[in-house]
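Enquirer: here is my input, please return the structure:
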Amino acid sequence: MMGTLESFRLDGQVAVITGGGRGLGEAMARALAEAGAAVVVAARRAAEVEAVAASINASGGRALGVAADVTDPEAVEALAQAAVDTFGSLSIWINNAGGSRYFGPLGGISARDWDDCVALNITAVVTGTNAAARRMTNGGSIVNISSLSAQGAAPGSGHYGAAKAAVNSLTKTYSRELAPSIRVNAIQPSTIPTETYMDALSLGDDDLPALLERKKVPLGRLGRPADVAGVTVFLCSPAASWITGEVWTVSGGLM
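Expert: Residues are numbered from 1 along each chain as shown. Down below sits the predicted model:
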C-alpha cells in the first residue's frame, strides 16, 4: 500500500504544460518535475520554454521545451505527440495558456478581441484535452486553469470571466465523459501578480500594496505562482485519485 507522502509523487508520469514559459505555467512545470514527472513545457516563445526546460534538466529533472500556439489544432496535436515520442507516454495535461489583450467594458470589445479570447481560453482547452485524452492510454489527469472571475460579475474583464466560466463547465462535462480512466479538474486562482498580469493592467511593483488593499484578501497577501503549483501537483498525484469534476479555488480567501 502506498504511503501518504509517496502518494504525492509523480514518478513515471509525463506532463504537458501549456503557457509554460513564465508565471503560473513555469511554476507548475518546475513543481511537477520536482515531484518526479517528465515535463514538456510549451508556449509560443521558443526561447522561454527552452530556458525553463534547460533549467529543469540542469537541476536533475527531465524536460523538453516545445514552441506551440495552442490556438492552432495541428500544433496542439504535434505537442501531444512530442510528449509521447520523447518520453514514451502522456499522463498529465495542464491547460494553462490563456488571457486576453483587451481590458474594458463588454460594450467596447471588438469582434476580433472576442474571437481571440474564445479561441485561446475555450477552444484551446477543448483541442488540448481531446489531443491529450487520445494519448492517455493508461489513464491520466487533466487540469484546467480557470479564474475566480468565472464566479460572478467581472467589470472590465467580462469576456474573460465568461470564457473561464465555460472552462469550469467543460471541466465538469469532460470529467464525466472521460471517466473512469482520466480525471479532469480545474483551479481558479484569484489575483496573482505575474508578469503577464502586471503587463495586462499596466502595473508596476509600486502598485502592489494598493492592489492588495483594494482586493482585501483575507489571508493578507497576494497570490504567488507556487500557490497554484502545489495544488496542481496534488490534483495530478495518486493522492487525488478519487477527485474529478471539481473546481478548486486558490484565492487567499476571496470568494
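
Enquirer: can you give me the helices in the stretch 101-250 of the chain?
Expert: Applying DSSP state H, counting those that start in this stretch to the stretch 101-250 of the chain gives helices spanning 111-118, 124-135, 158-177, 195-200, 208-215, 225-236.

Enquirer: now for Gly128: which residues touch it?
Expert: By CB atoms under 8 Å, 6 or more residues apart in numbering, the residues touching Gly128 are 18, 70, 76, 80, 93, 95. Just so you know, the C-beta spots here come from the backbone N, C-alpha and C atoms, and that holds for glycine as well.

Enquirer: swap in Asn96?
Expert: 17-20, 24-25, 28, 145.

Enquirer: any idea how far Val125 is from it?
Expert: From Asn96 across to Val125, the span is 10 Å (CB to CB, to the nearest Å).

Enquirer: still on that earlier bit, may I ask which of the contacts of Gly128 has the most neighbours?
Expert: Neighbour tally across the contacts of Gly128 (other CB atoms under 10 Å): the maximum, 30 neighbours, falls on Trp93.

Enquirer: surely that residue is in a strand?
Expert: Yes - according to DSSP: H, G, I helix; E, B strand; the rest coil, Trp93 belongs to a strand.

Enquirer: now for the closest residue to it other than its chain neighbours, how many residues are close by?
Expert: Spatial nearest neighbour of Trp93, excluding adjacent residues (CB to CB, 6 or more residues apart in numbering): Ala132 at 3.6 Å. Residues lying near Ala132 (other CB under 10 Å) number 26.

Enquirer: what sits against Ala132?
Expert: Contacts of Ala132 (CB under 8 Å, 6+ apart): 16, 80, 90, 93, 140, 142.

Enquirer: can you redo those as CSV, where the extra columns are distance to Arg221?
Expert: Below are the contacts of Ala132 laid out as CSV (distance: CB to CB, whole Å):
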residue, distance to Arg221
Val16, 30
Ala80, 36
Leu90, 36
Trp93, 30
Gly140, 33
Ile142, 29
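
Enquirer: low pLDDT regions in the stretch 51-200 of the chain?
Expert: Under the criterion pLDDT under 70, no range of the stretch 51-200 of the chain is flagged.

Enquirer: and if we set it to 90?
Expert: 191, 193-200 (pLDDT under 90).

Enquirer: circling back: closest one of the contacts of Gly128 to Phe8?
Expert: Trp93 (19.0 Å; CB to CB).

Enquirer: that closest one and Asn144 touch, don't they?
Expert: No - contact criterion CB atoms under 8 Å: Trp93 and Asn144 do not qualify, at 9.3 Å.

Enquirer: nearest residue to Val125 in space, please, no chain neighbours.
Expert: Asn95 (4.7 Å).

Enquirer: that neighbour bridge partners, please.
Expert: Beta bridges link Asn95 to Asn144 when assigned by DSSP bridges.

Enquirer: thanks again, I'm all set now.
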